[in-house]
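Asker: here's my sequence, what's the structure:
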Amino acid sequence: MRTLDIDFVRAQFPAFSEPSLQGQAFFQNAGGSYTCKPVIDRLYRFYTQRKVQPNSPFEASRLGGEEMDEARERLAALLGVETDELSFGPSTTQNTYVLAQAFRQWLNPGDAVVVTDQDHEANSGPWRRLSEDGIEIREWRIDPETGTLDPQDLENLLDERVRLVCFPHCSNVVGDINPVTEITAIAHAAGAFVCVDGVSYVPHGFPNVGELGPDIYLFSAYKTYGPHQGCMVIRRALGQMLPNQGHYFNGDVLYKRFTPAGPDHAQIAASAGMADYVDLLCDHHQGPQAGAAQRGGFAHDLMRRHETGLLQPLLDSVKNRNAVRLLGPAEAVRRAPTVSLALNRASLPVAAELAEHGVMADGGDFYAMRTLQAMGIDPDQGVLRLSFTHYTSQQEINQLLEALDRVL
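Answerer: Predicted coordinates for the structure are as follows:
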């Protein structure tokens, strides 16, 4: 197993050489990551050389369209799905809202949808609103002490009326990683489709969605070193079954069926830079030479090993502190490096104190009010969230631990 070359990684992110950010350790990555250079380069090129309507019969337009197509092709291959099963939208929240409108037309009164109280509101609220049309909403609830979901509890909710099960790959405040393949198999066995919110997982390595098995998988490119776009996988069987939400003349093109607004051409084209970055990581660390999903899996494992090694000392430092409640597992291998702490005081002022020590973090509810309430935490007080990713260094972890000692 190879060790991540952290110096090489950080060299791919211009933020780490930006003078105004020197001495600042970034621990708000779950809200949005730094952008890698290949994405910035592609975005700059599009705006300077291709900023015309794509797919017209002249060079700049043709090249712009090709770059948009390249982004879809390469990211879909990285995710282990067919090219037209990946579509782009303004955000994951917007993509989920559009999907919910398609299901609103497709479902019948008396049908049921399962949601969780572990989700970010983006993968909960739009589905819950279907109750306005007579759809039954069943809540798969977390353990109030641990914040985790038990697949057995899901089985108890399923019957022939359940048409869709929605849950997160990873909670954005609890950090627990859910077993997507196991949960998907349980739902499919009951005849239900599956929608997975991957926003808090994908920054820690692109998953092979084809192997995981869900029917819908959503994530945000701006939290995955890319531009501000929502990425949405809809497997063909479901995508062709749901009513078209786009222009009627685009209804026979799968990746256009759930994109009612005009796409952001430049940001879609720049999304190919995320695949460029995975290729750079793979080649620098002597990973597999062929197979986009295999190369993505290699980069995923590099990232996870590095993150896990940095995460365990942080968990050990906070799990037994007085007046501090660690949300989620205390074992790094079971979670993402998104660490939320419930304190005996409001969280946002604590984040402001950390900023005085060069630590960029945040406090609040992070759109996970239902999760916090289920765990007995006042959303107005919120939690202090410390989130990092594979480009975080040991020196930055040390800076965080020293700042926490002073502030907590």
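Asker: these two touch, right, L212 and T181?
Answerer: Yes. Taking Cβ atoms under 8 Å as the contact criterion, L212 and T181 are neighbours in contact, 5.4 Å apart. Heads up, the C-betas are built off the backbone N, CA and C, glycines and all.
Asker: okay, these two: which has more neighbours?
Answerer: Set side by side, L212 and T181 show unequal neighbour counts under other Cβ atoms under 10 Å, the larger going to L212 at 20 against 12.
Asker: list the contacts of the nearest residue to that one once chain neighbours are set aside.
Answerer: Among residues not flanking L212 along the chain, V180 sits closest, at 4.7 Å (Cβ to Cβ, 6 or more residues apart in numbering). By Cβ atoms under 8 Å, 6 or more residues apart in numbering, the contact list for V180 reads 169, 196, 207, 212-214.
Asker: which one of the residues you listed sits closest to G309?
Answerer: P207 (20.5 Å; Cβ to Cβ).
Asker: thought that closest one was touching Y201?
Answerer: Yes. P207 sits in contact with Y201 when judged by Cβ under 8 Å, with a separation of 6.8 Å.
Asker: on that earlier part again, dump the contacts of V180 into a markdown table; add pLDDT and secondary structure as well.
Answerer: Supplementary listing: the contacts of V180 in a markdown table, determined by pLDDT from 0 to 100; DSSP: H, G, I helix; E, B strand; the rest coil:
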| residue | pLDDT | secondary structure |
| --- | --- | --- |
| H169 | 98 | coil |
| V196 | 98 | strand |
| P207 | 97 | coil |
| L212 | 97 | helix |
| G213 | 98 | coil |
| P214 | 98 | coil |
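Asker: quick one: the helices in the stretch 201-350 of the chain, in order.
Answerer: The residue ranges that make up the helices of the stretch 201-350 of the chain, judged by DSSP state H, counting those that start in this stretch, are 209-212, 236-241, 265-270, 272-284, 292-318, 347-355.
Asker: packing partners of the third one?
Answerer: In terms of contacts (3 or more Cβ pairs under 8 Å, 6 or more residues apart in numbering; DSSP states H and E), helix 265-270 is packed against helix 37-49, helix 59-79.
Asker: just tell me which of those ends up closest to S393.
Answerer: Shortest distance between S393 and the helices and strands packed on helix 265-270, using Cβ to Cβ, is found for helix 37-49: 17.7 Å.
Asker: report the buried residues of the closest one.
Answerer: 37-40, 42-43, 45-46 (16 or more other Cβ atoms under 10 Å).
Asker: picking up where we left off before, for the helices and strands packed on helix 265-270, which one sits closest to W106?
Answerer: Each of the helices and strands packed on helix 265-270 has some distance to W106 by Cβ to Cβ; the shortest is helix 59-79, at 24.1 Å.
Asker: who touches the helix or strand that that closest one is followed by?
Answerer: Sequence-wise, the next helix or strand downstream of helix 59-79 (DSSP states H and E) is strand 86-89. Applying Cβ under 8 Å, 6+ apart, the contact partners of strand 86-89 are 71-72, 75-76, 79, 95, 98, 229-234, 254-259, 261, 263-264, 267-268, 271.
Asker: show me just the buried residues among those residues.
Answerer: Buried residues within the contacts of strand 86-89, defined by neighbour count using 16+ other Cβ under 10 Å: 71-72, 75-76, 79, 95, 98, 229-234, 254-259, 263-264, 267-268, 271.
Asker: okay if I get the helices and strands packed on helix 265-270 as JSON lines plus distance to D176?
Answerer: Output for the helices and strands packed on helix 265-270, formatted as JSON lines (distance: least, Cβ to Cβ, whole Å):
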{"stretch": "helix 37-49", "distance to D176": "29"}
{"stretch": "helix 59-79", "distance to D176": "22"}
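Asker: CSV for those, including mean pLDDT and distance to L384?
Answerer: Converted to CSV, the helices and strands packed on helix 265-270 look like this (pLDDT from 0 to 100; distance: least, Cβ to Cβ, whole Å):
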stretch, mean pLDDT, distance to L384
helix 37-49, 98, 29
helix 59-79, 97, 32
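Asker: E356 - how many residues pack around it?
Answerer: Other residues lying near E356 total 10 when counted by other Cβ under 10 Å.
Asker: and it, its phi and psi?
Answerer: With angles defined as degrees, to the nearest 10, E356 sits at phi -70, psi -20.
Asker: correct me, but M303 touches H390?
Answerer: Yes. Under the criterion of Cβ under 8 Å, M303 is in contact with H390, at a separation of 3.8 Å.
Asker: which residues are common contacts for these two?
Answerer: Both M303 and H390 are in contact with 4, 204, where contact means Cβ under 8 Å, 6+ apart.
Asker: settle it for me: which of the two has more neighbours?
Answerer: The neighbour comparison of M303 against H390 (other Cβ under 10 Å) goes to H390, with 25 against 22.
Asker: I figured the more buried one hits F8, correct?
Answerer: No. With contacts counted by Cβ under 8 Å, H390 stays clear of F8, the gap being 11.4 Å.
Asker: so V81 is in contact with L212, correct?
Answerer: No. Taking Cβ under 8 Å as the contact criterion, V81 and L212 are not neighbours in contact, 10.2 Å apart.
Asker: how about low-confidence regions in the protein?
Answerer: Residues of the chain meeting the criterion pLDDT under 70: none.
Asker: OK, contacts around G191?
Answerer: Taking Cβ under 8 Å, 6+ apart as the definition of contact, the neighbours of G191 are 160, 162-163.
Asker: swap in 7 Å and give it another go.
Answerer: G191 is in contact with E160, counting by Cβ atoms under 7 Å, 6 or more residues apart in numbering.
Asker: just to be sure, it is in a strand?
Answerer: No. Residue assignment for G191, taken from DSSP: H, G, I helix; E, B strand; the rest coil, gives coil, which places it outside any strand.
Asker: spatially central residue in the protein, please.
Answerer: Nearest to the geometric centre of the chain sits V199, at 1.4 Å (Cα atoms, centre = their mean).
Asker: what about that residue, distance to T35?
Answerer: 16 Å (Cβ to Cβ, to the nearest Å).
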